[in-house]
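>>> take this sequence and fold it.
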Amino acid sequence: MKKILIIEDDQIVANVYRNKLAVEGYQVEIASEGETGLRTMRLFKPDIIILDLMLPGMSGIDVIKQIRSEEEFTRIPVIIFSNTYLTNMIQEAWKAGATKCISKSNCSPKEVIDVVRHTIGDSGAVPTSSPAVIGTHAPNRPIPLNTETDSAFQADLRKTFIDSLPATIVNLRASLQSLVKADSEMSRLKEIYELYRRVHALNGNASIAGLVQIAHMSAALEALLKEIYEKPKNINNSTLRTVASAVDFLGHLFERSTLPDTQETPAVNILVVDDEAISRRAIIYALEKAQLQSVNVESPETAYKLLTESNFDLVFLDVDMPGMSGFELCTKLRALPMHKKTPVVFVTSLSDFDNRTSSTMAGGNDFIAKPFLFIELTVKALIHVLRGKLRPLK
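Modelled structure (predicted):
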């Protein structure tokens, strides 16, 4: 019987994977922290390690480095659970010696089992000639994975997760209110970390429940919260406004979580208008992190021509452009029948952000301040494109 060690701080996620892998015939141990995981590894001597990168205390990167520094475990496969919005962290994991990377937002328990089998071979389970039935299998004989039992398992996970959503949004909003009311940098960082841990748990649970949009939205927000927690200089009115918008939008996604047409991330087309090449490229890069396609132009006049010819799901407009300002272009696009309700996000300087947001928005929906964090713009874009694709609740 092959042995698997899961190092994952979310007990619900860890237990789900432990139970599924045990059913498949693997011997499984779990640890909720990096240090505990390393101690368990030395005693348990697993054949493979499944590791969450986002751990409290000792990070997943440091865990990999320690594993590779011990002679007995230099070649043990390490499969990492990653938040795909944390590109730099994933690259560090590869350099530290990770064997394979699994996207937490996109991967089901069945796919994790497939990865394990491919990496270390079939389990030591006794083969059966016909599918076993839960509750009637012989002692110590695992139930083979099949489509029917896996679908039922996924449905049960989803129901449990959906039932927990009202309490989850109450807790998220309470954390957000505490963050807004924080009156010192130390208390603000404490509240950001608390919100980050809640969103981290939400991401893991939404992923195993198969609720794709909630998983992607929470993954992006988790990455933003991690960024501003680790670099407090990036905490400003723009980033805090984006965090608040994301929490609010998660509430909307929760209300629609039982609708079958709200699980996949829709294909979208975004227009980026900015006369500065570096700024324009930064917006495009931030959109690419969420696999969002865009068309970019530097001239407001060219942008207006495109808007008269094509539909766009979201428009990013630089405010200060020669010839025609972002506000003027927004006023013109609102006169076009196909763009009366297209979301428009203005991009403005940080020094002007507060003045802009309190003034008339000329038909725009939102602001983001330069210089922006890539992940902040990613979060902002996801909010608007996903909101635009949601059907109204009846």
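
>>> show me where this structure has helices.
Taking DSSP state H as the criterion, the chain carries its helices at 11-23, 34-44, 60-69, 87-96, 109-120, 147-181, 185-209, 212-230, 237-255, 277-288, 300-309, 326-334, 350-358, 374-389.

>>> just how off-centre is the fourth one within its chain?
Put simply, helix 87-96 sits 17 Å off its chain's centre (C-alpha atoms, centre = their mean, to the nearest Å).

>>> next: the third one.
From the chain centre to the centre of helix 60-69 is a distance of 24 Å (C-alpha atoms, centre = their mean).

>>> re the thing from before, between the helices of the chain, which gets nearest to D52?
helix 60-69 (6.1 Å; C-beta to C-beta). C-betas here are computed from N, CA, C, even on glycine.

>>> and the closest one, what does it pack onto?
Under the contact criterion of 3 or more C-beta pairs under 8 Å, 6 or more residues apart in numbering; DSSP states H and E, helix 60-69 touches helix 34-44, strand 48-52, strand 78-82, helix 87-96.

>>> who touches that helix?
For helix 60-69, the surrounding residues in contact (C-beta atoms under 8 Å, 6 or more residues apart in numbering) are 7, 34, 37-38, 41, 49, 51-55, 73-74, 76, 78, 80, 89, 92-93, 96-98.

>>> show me which of those are buried.
7, 34, 37-38, 41, 49, 51-55, 73, 76, 78, 80, 89, 92-93, 96-98 (16 or more other C-beta atoms under 10 Å).

>>> give the contact list for the residue positioned nearest the centre of the chain.
Residue closest to the average C-alpha location in the chain (C-alpha atoms, centre = their mean): A219, at 1.5 Å. For A219, the contacting residues are N83, T84, Y85, K104, S105, N203, taking C-beta under 8 Å, 6+ apart as the criterion.

>>> ok, of these, which one's closest to S178?
The shortest distance between S178 and any of those, using C-beta to C-beta, involves N203 and amounts to 20.3 Å.

>>> just give the number of residues close to the closest residue to the closest one other than its chain neighbours.
Using C-beta to C-beta, 6 or more residues apart in numbering and skipping residues adjacent in sequence, the residue nearest N203 is S218, 4.2 Å away. Applying the criterion other C-beta atoms under 10 Å, we find 29 residues in the vicinity of S218.

>>> please tell me the pLDDT value assigned to the nearest residue to Y196 once chain neighbours are set aside.
Across the structure, with C-beta to C-beta, 6+ apart as the measure, the residue nearest Y196 apart from its sequence neighbours is L225 (3.9 Å). Looking at L225, its pLDDT is 97.

>>> equivalent analysis for M217, please.
Note for M217: predicted pLDDT of 94.

>>> OK, contacts around I375?
Contacts for I375 (C-beta under 8 Å, 6+ apart) come out as Y85, A220, A223, L224, E227, A286, K289.

>>> please read the previous query as pertaining to L38.
Under the criterion of C-beta under 8 Å, 6+ apart, the contact partners of L38 comprise V63, Q66, I67.

>>> from the residues you listed, pick the one nearest L195.
Distance ranking of the contacts of L38 against L195, using C-beta to C-beta, places V63 first at 24.1 Å.

>>> present the helices of the chain as a markdown table; the columns should include distance to K2.
Rendered in a markdown table, the data for these read as follows (distance: least, C-beta to C-beta, whole Å):
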| stretch | distance to K2 |
| --- | --- |
| helix 11-23 | 9 |
| helix 34-44 | 12 |
| helix 60-69 | 18 |
| helix 87-96 | 23 |
| helix 109-120 | 6 |
| helix 147-181 | 20 |
| helix 185-209 | 22 |
| helix 212-230 | 28 |
| helix 237-255 | 38 |
| helix 277-288 | 38 |
| helix 300-309 | 56 |
| helix 326-334 | 58 |
| helix 350-358 | 53 |
| helix 374-389 | 37 |
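
>>> pick out the shakiest of those, pLDDT-wise.
Mean pLDDT values for these show the minimum at helix 350-358, a mean of 69.

>>> got the contact list for stretch 153-162?
If you take C-beta under 8 Å, 6+ apart as the criterion, stretch 153-162 is touched by V16, K20, S108, P109, N205, A206, I208, A209, G210, L211, S257, T258.

>>> how many neighbours does the last one have?
The burial count assigned to T258 is 12, neighbours taken as other C-beta under 10 Å.

>>> could you measure it against K332, distance?
Between T258 and K332 the computed distance is 40 Å (C-beta to C-beta, to the nearest Å).

>>> which of the contacts of A219 has the weakest pLDDT?
Across the contacts of A219, the bottom pLDDT score, 80, is held by S105.
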